[in-house]
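Q: got a predicted structure plus its sequence, pasted below:
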Amino acid sequence: MTNSDSPTTDDAASTDAPSAANEPSATDVSSAESPPETDDTDRAEELQATVAALTDRVAQLERAVTWMARQQAAETGNSVCPECNTGGALRVSRSPTGKKQVKCKNCGEKIN
């Protein structure tokens, strides 16, 4: 027997008789037509997760900016206040224990 004599899957698929592989099953039909409410719910959950992640990132950046302002004020004696954005407003003083205290002379915000 040669390859041309043996039946192949291509020959069986090309026949006019319907096969079970070509017909959609009941599970395919129900999963293909998902209700729009689940799409909206999934989208809302995705957006809420994104908002939470961005909120955390903004909080991290605010802490970093505050730390940089405090460090610059401690090193140079003045810096830009992260609260009121006034340049040269941060002043450094020492507490009785020797700890550096950074305070804005315009808005009174303590950055420690």
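A: Here it is on my side, so go on.

Q: for the residue nearest to residue 110 when sequence neighbours are not counted, pull up the helix or strand it's in.
A: Excluding the flanking residues, the one nearest residue 110 by CB to CB, 6 or more residues apart in numbering is residue 103, at 5.1 Å. Placement of C-beta: from N, CA and C, glycine included. Element membership for residue 103, per DSSP states H and E: strand 100-104.

Q: could you give the number of residues near the residue nearest to residue 110?
A: For residue 103, the neighbour count with other CB atoms under 10 Å is 17.

Q: per-residue confidence at it?
A: Note on residue 103: pLDDT of 82.

Q: quick one: contacts for it?
A: 90-91, 93, 109-111 (CB atoms under 8 Å, 6 or more residues apart in numbering).

Q: can you pick the most crowded of these?
A: residue 90 (26 neighbours).

Q: next one: the spatially closest residue to it that is not a sequence neighbour from residue 111, what distance?
A: Using CB to CB, 6+ apart and skipping residues adjacent in sequence, the residue nearest residue 90 is residue 73, 4.0 Å away. Distance, residue 73 to residue 111, using CB to CB, to the nearest Å: 7 Å.
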